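S.K.: requesting a structural model of the entry that follows:
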Amino acid sequence: MASGFGITGQQGRCYPIWMDFYGCMMDTEQPSKCADLRDDYFECLHHRKEIGRLNRIGKELAKQEEAGVSPLADTTDQGKGTPS
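M.R.: From the prediction side, this is the model:
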């Protein structure tokens with residue numbers, strides 16, 4: 001990350017977030033003030049929160065389908081061409 005270049009030779013996707021985190025760490029006496037920026041940087045690198053959320057959504061969809069509920073079905077009459 002020190003160079004700021006990604007695998008394709010362009011600026012890495014997380015480099016701007018890294019620079020924000022780095023700047024915060026250089027400007028503060030208490031590193032704990034930069035915890036949110038650190039979390040953002042690690043999320044950019046590893047996508048753990050995003051992957052966890054997608055896994056929870058998938059489990060809930062499977063649970064609803066198993067219960068016989070169609071979670072993605074449109075339950076309203078909107079858009080079906082019925083007159084008002």
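S.K.: next structured bit after the helix or strand that contains E43?
M.R.: Assigned by DSSP states H and E, E43 belongs to helix 35-46. Downstream of helix 35-46, the next assigned helix or strand under DSSP H and E is helix 48-66.
S.K.: by contact count, what packs against that next one?
M.R.: Applying 3 or more CB pairs under 8 Å, 6 or more residues apart in numbering; DSSP states H and E, we find helix 48-66 packed against helix 35-46. Glycine gets a C-beta too; all of them are placed from N, C-alpha and C.
S.K.: averaged pLDDT, the helix holding E43. What do you get?
M.R.: Averaged across helix 35-46, the pLDDT comes to 95.
S.K.: just checking, what packs against that helix?
M.R.: Checking 3+ CB pairs under 8 Å, 6+ apart, helix 35-46 ends up next to helix 15-27, helix 48-66.
S.K.: which other helices and strands contact the shortest one?
M.R.: Okay, so that is helix 15-27. Judged by 3+ CB pairs under 8 Å, 6+ apart, the packing partners of helix 15-27 are helix 35-46.
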